[in-house]
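Peer 1: fold the following for me, if possible:
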Amino acid sequence: MERMKKNEIITGTIWKQLLLFFFPILIGSFFQQVYNTTDTIIVGQFVGTRALAAVGSTGFFQMLVVGFFLGLSSGGTVVISQYYGAGHDENVRKAVHTSIALSLACGAAIMALGYVLAPRVLRVMNTPADVLDQAVTYTRVCFLGMIPVLTYNIGAGILRAVGDSRRPLYFLIFSSVLNILLDLLFVGGFHLGVAGAALATILSQAISAVLILMLLAASGESYRFRPGEIRFHGWILMKIVRIGIPAGLQAAMYQISNVIVQRSVNGFGTDTVAAWAVYMRMDSVFWMITGALGISVTTFVGQNFGAGQIDRVKRSIKDGLVIYTVLTAAMSFLLFAGCGFIISLFTPDESVREIGVWLMRHYCLFYIVFIFVEIYSGAMRGVGNTFIPTVLTAFGVCVLRILWIMFVLPAHYSLLTLVMTYPVTWSATSLLFLIYYHTGRWMPDPPLS
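Peer 2: Prediction:
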């Protein structure tokens with residue numbers, strides 16, 4: 001009972017607590033992006049445009065595989081947050097160790113599959129021939145680090161589920177700084193090229209995983225990690241899978257459609273691929289911000305739903321929409337105004353810079369239309385509803401995006417037509433989520449007790 005009184009997520013002023021919870025996640029997400037962004041900058045400056053294109057052309061393949069697992073593991077975060085909000089300590093303990101077991105098993109499987117399939121997948125993605133060998137090398141080394149990547153993310157998810165978004169941040173900042181130093185050492189000092197950039201990333205992520213597990217093991221709370229208790233609890237696993245599989249498929253759909261877009265981008269030549277790689281690093285900053293807010297909304301909705309406080313669930317959503325709007329307007333302005341300077345940090349190539357500026361200024365004007373997808377889907381995950389959001393995403397993002405690439409792009413073949421793939425599908429998907437949310441059928445009844 002004492003713990004419940006201290007849990008500000010279910011008792012405090014929502015918008016204040018939402019921001020206090022959000023900013024550590026945002027800062028942590030920023031430093032997590034430093035991994036890939038540092039690779040891109042250092043590779044572009046020390047190795048050249050081809051190496052930059054090689055690193056950029058691999059991103060969606062990795063994100064497809066990892067994104068599915070992170071969606072799957074979000075089922076564990078939701079289950080833990082609901083049980084924690086309801087005060088069911090024994091179930092929290094079982095959910096924690098089941099989630100960690102899932103991260104270890106999936107990490108091993110993803111590592112093996114990614115390493116074996118990398119050359120074939122990158123060829124299917126129409127990766128330019130002059131960067132294919134480097135792209136395969138970078139991808140394979142990155143996949144060797146999948147177990148620590150997934151372990152860190154599930155550990156951070158456990159802490160966020162119980163309302164702790166600060167402590168994972170400290171370890172992540174440390175490992176991000178380490179990643180920069182190792183990048184400079186392996187790429188700039190030892191001249192290991194793209195393999196050195198990938199190696200720096202996976203070593204840094206391994207340290208993050210160790211630190212997060214040590215933190216959980218030292219906890220005196222119900223979510224304490226005990227290595228000897230790592231196992232699958234069948235009924236808990238079923239709950240996690242029931243929530244997580246649709247969320248994983250939803251994440252995979254985004255990436256499958258992105259892989260298709262990346263394949264089309266690869267057909268515009270090495271300069272465009274390099275510019276796209278730079279743009280995507282900046283684009284990922286925006287999605288990092290909105291994703292952090294989505295995680296925050298999921299946690300607030302999950303704990304309040306578990307505690308049976310439906311009014312606070314709805315207020316969390318409304319406050320989330322307001323915060324999203326303000327942050328998106330600010331981020332769009334900064335990217336539009338500063339894109340030239342930002343891109344010059346990645347590459348001295350003037351052709352790549354011009355294409356990158358053009359891409360960024362087209363996209364940042366449309367970010368606001370994604371508002372209902374991020375906030376409403378985060379809320380729906382919090383109450384355990386992931387099936388219908390997956391269906392909406394499948395149609396609005398995946399199907400429409402593929403149809404655009406198959407029919408609209410060939411009829412009006414240009415980079416502008418390709419660029420419009422995203423704003424069109426963002427708008428359609430957001431409209432679908434808006435309609436579904438206002439039907440009122442998204443929230444289960446009664447809440448978990």
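
Peer 1: gap between M331 and R167?
Peer 2: Distance, M331 to R167, by Cβ to Cβ, to the nearest Å: 26 Å. (Glycine included, C-beta is placed from N, CA and C.)

Peer 1: now swap in G71 and tell me
Peer 2: Shown here: G71 relative to R167, a distance of 24 Å by Cβ to Cβ.

Peer 1: these two: which is more packed in?
Peer 2: Counted by other Cβ atoms under 10 Å, G71 and R167 do not tie: G71 has more neighbours, with 24 against 17.

Peer 1: contacts only, for the more buried one.
Peer 2: G244, A247, G248, L249, Q250, A251, A252 (Cβ atoms under 8 Å, 6 or more residues apart in numbering).

Peer 1: then N91?
Peer 2: Y83, I236.

Peer 1: following element in sequence after the strand or helix carrying it, please.
Peer 2: For N91, the host element (DSSP states H and E) is helix 89-124. The helix or strand immediately downstream of helix 89-124 is helix 132-143, counting by DSSP H and E.

Peer 1: I'd like the average pLDDT over that next one.
Peer 2: For helix 132-143, the mean pLDDT works out to 88.

Peer 1: next: stretch 407-424.
Peer 2: Stretch 407-424 shows a mean pLDDT of 91.

Peer 1: can you give me the buried ones in stretch 158-175?
Peer 2: Under the neighbour-count criterion of 16 or more other Cβ atoms under 10 Å, stretch 158-175 has 158-169, 171-173, 175 buried.

Peer 1: hey, where'd the helices end up in the stretch 301-449 of the chain?
Peer 2: In the stretch 301-449 of the chain, the segments counted as helices under DSSP state H, counting those that start in this stretch are 310-346, 350-363, 371-382, 387-393, 400-403, 409-411, 415-419, 421-437.

Peer 1: could you dump those into a markdown table with mean neighbour count and distance to V149 added?
Peer 2: Below are the helices of the stretch 301-449 of the chain laid out as a markdown table (neighbours: other Cβ atoms under 10 Å; distance: least, Cβ to Cβ, whole Å):
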| stretch | mean neighbour count | distance to V149 |
| --- | --- | --- |
| helix 310-346 | 17 | 24 |
| helix 350-363 | 20 | 27 |
| helix 371-382 | 26 | 21 |
| helix 387-393 | 21 | 23 |
| helix 400-403 | 18 | 26 |
| helix 409-411 | 12 | 33 |
| helix 415-419 | 16 | 30 |
| helix 421-437 | 19 | 26 |
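
Peer 1: closest to V265 out of those?
Peer 2: In terms of Cβ to Cβ, the element of those nearest to V265 is helix 415-419, at 6.8 Å.

Peer 1: hmm, who's touching that closest one?
Peer 2: By Cβ under 8 Å, 6+ apart, helix 415-419 touches V261, S264, V265, F268, T272, I355, L359, H362, Y363, I405, V408, L409.

Peer 1: looking at those residues, which two lie furthest apart in space?
Peer 2: Using Cβ to Cβ, these reach their maximum pairwise distance at I355 and V408, which is 20.9 Å.

Peer 1: for F190, phi and psi?
Peer 2: Backbone geometry at F190, expressed as degrees, to the nearest 10, gives phi -90, psi -10.

Peer 1: list the contacts for it?
Peer 2: Neighbouring residues of F190 by Cβ under 8 Å, 6+ apart: G196.

Peer 1: distance of it relative to L184?
Peer 2: Going from F190 to L184 by Cβ to Cβ gives 10 Å.
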